[in-house]
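1. sequence unavailable; structure follows:
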């Protein structure tokens, strides 16, 4: 993607595996840049009145992905206020959501290797991670990585970096 096109987009959308720090980095980045912060997982919880893990348990994975797709496809950022949007790890399964998010923002894939991810993550079920029966973190990683790469305007490899260093890398890539 052309740099001018990236910089003309008003918002920044963070995608990546659970545990890469999308929400944490999103909050810090929003403070540093003076942007509004939106956590799409919290928007889903607000709109449904349920925790992500409860939606998955009660409705199943396919319906959760459907709900996630609809909510993310309808995220409306105020035209007067730039936003950082931290998405759930499974957002890349929603074609409409990803098309919408790509239109309204620069999509940044926060990339972390499998070993580092497995060390960071606690219980996947408690986090509301979309895992099919018998699916491992490695399976999920291998399934999602090509999707993250497909939708990313910018890829930030976080391996060995602190939150502050990752934020600096993002700023440098964006030229801000």
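-> Alright, I've got the coordinates. As the structure is a prediction and not an experimental result, all values here were calculated from the model. Residues are numbered from 1 along each chain as shown.

2. pLDDT score for the residue sitting furthest away from the middle of the chain?
-> Distance from the centre of the chain peaks at residue 134, with 23.8 Å (C-alpha atoms, centre = their mean). Per-residue pLDDT puts residue 134 at 85.

3. beyond the helix or strand where residue 44 lies, next helix or strand please.
-> Here residue 44, judged by DSSP states H and E, is contained in helix 40-48. As assigned by DSSP H and E, the chain's next helix or strand after helix 40-48 is helix 52-59.

4. where does pLDDT dip in this structure?
-> Filtered on pLDDT under 70, the chain yields the residue ranges 1-8, 78-80, 122-128.

5. can you pull out the strands in it?
-> The residue ranges that make up the strands of the chain, judged by DSSP state E, are 11-15, 36-39, 83-86, 105-111, 154-157.

6. any chance of CSV for those strands, columns mean neighbour count and distance to residue 172?
-> All C-beta atoms are positioned from the backbone trio N, CA, C, and that covers glycine. Converted to CSV, the strands of the chain look like this (neighbours: other C-beta atoms under 10 Å; distance: least, C-beta to C-beta, whole Å):
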stretch, mean neighbour count, distance to residue 172
strand 11-15, 26, 14
strand 36-39, 17, 20
strand 83-86, 25, 16
strand 105-111, 24, 12
strand 154-157, 16, 10
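
7. gap between the nearest residue to residue 58 once chain neighbours are set aside and residue 60?
-> Once its chain neighbours are removed from consideration, residue 58 has its nearest residue in residue 50; the separation is 7.5 Å (C-beta to C-beta, 6 or more residues apart in numbering). Separation of residue 50 from residue 60 (C-beta to C-beta, to the nearest Å) stands at 13 Å.
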